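Asks: sequence first, then the predicted structure, then my questions.
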Amino acid sequence: MKIKPMGSRVLLKEIETEEKTKSGIVLPSSAKEKPYIAEVIEVGPGEAIEDGKEIKIEVKKGDKVLFSKYSGTEVKLDDEKYLIVKYDDILAIVD
């Protein structure tokens with residue numbers, strides 16, 4: 001099964017990061033705040049707004065992005081967790 005976002009929505013897969021303290025202790029992901037960084041899996045086609053202008057989606061598959069803290073809808077497919085967010089909730093592309 002495949003998920004294809006509609007309109008100006010983007011399908012993301014959160015990137016799990018492992019963090020170490022200065023003394024070398026590895027912190028599990030449950031002990032720290034999530035970084036809100038994800039990889040773009042699929043991109044919707046965009047959409048037209050009221051005055052006829054088109055919303056152009058400037059991210060593409062494979063981009064790593066920073067997204068808003070409380071955005072999106074979690075979806076589980078084939079034991080994998082994904083997040084569908086509005087394009088407006090993507091804050092930046094991370095290099």
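Replies: That came through fine.

Asks: please report phi then psi for residue 88.
Replies: In this entry, residue 88 is assigned phi and psi values of phi -60, psi -20 (degrees, to the nearest 10).

Asks: which residues does it contact?
Replies: For residue 88, the set of contacting residues under the criterion of Cβ atoms under 8 Å, 6 or more residues apart in numbering consists of residue 8. Just so you know, the C-beta spots here come from the backbone N, C-alpha and C atoms, and that holds for glycine as well.

Asks: how far away is it from residue 94?
Replies: In this structure, residue 88 lies at 17 Å from residue 94, with Cβ to Cβ, to the nearest Å as the measure.

Asks: what does residue 24 give?
Replies: For residue 24, the distance to residue 94 under the criterion Cβ to Cβ works out to 25 Å.

Asks: what stretches of the chain score poorly on pLDDT?
Replies: Within the chain, the stretches falling below the threshold (pLDDT under 70) are 17-21, 27-35.

Asks: rerun at 80
Replies: 1, 16-35, 52, 55 (pLDDT under 80).
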